[in-house]
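Asker: Got a sequence here, can you build the structure:
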Amino acid sequence: MKSITVQDLVNRFHLEILAGHSQLHRTIDKARVHRPGLEFVGYFDFFPQQRVQVLGRKEITYLHKQSEEERDSRIGHVVQYHPPCFVVTWNQETEGLHYLITHCEREGIPLLRTPDSTTKWIGMADAYLTKSLAPEIQVHGVCVNVAGIGILLRGKSGVGKSETALTLIRRGHRLVADDAVVLRKISPETILGTHDGKTKEFLALRSVGLINVARIYGRGAFQDETRIVLDIELTQWKENELYNSLDVEPQFTDYMDVKIPHIQISLQPGRDVAGLVEAAANNWYLRLQGYSAAEEFMQRIEAFAQSQQKH
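Answerer: Model prediction:
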């Protein structure tokens, strides 16, 4: 199971440390944060104790209204579960948090503070944790974004994946990763494609070597990540194969139990492979909108046949 440390969270959001300085090595392995509301009134049946606990104005104001004895009791019941850390939003005053600081110091739980609003910080933290803790695999290929559509180009070494990506970049599309593509599952239906950090912005071309696409073609030629919606496999052209079907039976590639539409493009001297990738991306988008060129063509054939019968 993937995890990050509380220190990683502090660094990412520039959080102020109010208590638990020596416990920043504590791990976080749950992708969403939690606001302990029901827990402060004594209901713990479904308390997600392994999540980061966020205390906004609502929670702190409620605690302020309790007597000192009741407040200590309610806080004590929560901290005894030892969540990874607490984060106080809205830069709420330290003077009003002394009771939280005392409990967190005693139990060794980091207490952190951010100037951001509760809603804003929760949104940013959930997004960060989801990506950081997402299951991931690495595949050999090239990841590109074509007109807003994330595509994974696969195929045997030397088949022309990087060269196809270069042509797409020159046509205004973007490189995401070359050679080592990291795939992250950020939801049951969503796979995110990105680079491994080492190959960021680099494209390896046979007979040329490494090039930095951002330096050569500008910042618009590269982006850090994209949602993968098409898996395209480049293969060598085979004689006596039938390549002229009007409509291809939908096929899928499974990545971490997420099915991604799969297309196979056969290479032959003179074929505009980058143009075929662009066409595949645009055709996928039209299908997503409910349009099928093959269905429209068949409807025209049927309409023509019916008109001929009438005559």
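Asker: Which residue ranges of the stretch 101-250 of the chain form helices?
Answerer: 118-133, 161-170, 213-217 (DSSP state H, counting those that start in this stretch).
Asker: State the pLDDT value of R271.
Answerer: Note for R271: predicted pLDDT of 86.
Asker: Now do the phi/psi pair for it.
Answerer: Main-chain dihedrals, R271, degrees, to the nearest 10: phi -80, psi 140.
Asker: how much space between it and T167?
Answerer: As for R271, its distance to T167 is 12 Å (criterion: Cβ to Cβ, to the nearest Å). Just so you know, the C-beta spots here come from the backbone N, C-alpha and C atoms, and that holds for glycine as well.
Asker: Residue ranges of each domain in the protein, please.
Answerer: Domain assignment for the chain by automatic domain parsing gives 4-132, 135-295.
Asker: got the end-to-end distance for the shortest one?
Answerer: From its first residue to its last, domain 4-132 covers 8 Å (Cα to Cα, to the nearest Å).
Asker: Now do that domain: distance to the chain's middle.
Answerer: 25 Å (Cα atoms, centre = their mean, to the nearest Å).
Asker: Ok, the last one next?
Answerer: Distance, stretch centre to chain centre, for domain 135-295: 17 Å (Cα atoms, centre = their mean).
Asker: give me the number of residues near S207?
Answerer: By the criterion of other Cβ atoms under 10 Å, S207 has 4 neighbours.
Asker: Give me the pLDDT for it.
Answerer: pLDDT, S207: 89.
Asker: Stretch 123-141: which residues count as buried?
Answerer: Buried positions in stretch 123-141, judged by neighbour count with 16 or more other Cβ atoms under 10 Å: 125, 128-130, 132-134, 136, 139, 141.
Asker: Of all the helices of the stretch 101-250 of the chain, which one comes closest to A281?
Answerer: helix 161-170 (9.6 Å; Cβ to Cβ).
Asker: other SSEs contacting the closest one?
Answerer: strand 136-146, strand 149-154, strand 174-187, strand 202-205, helix 213-217, helix 273-288 (3 or more Cβ pairs under 8 Å, 6 or more residues apart in numbering; DSSP states H and E).
Asker: Need the contact partners of the shortest one.
Answerer: The one in question is strand 202-205. Contacts to strand 202-205, defined as Cβ atoms under 8 Å, 6 or more residues apart in numbering, come from residues 162-163, 165-166, 169, 175, 178-179, 210-213.
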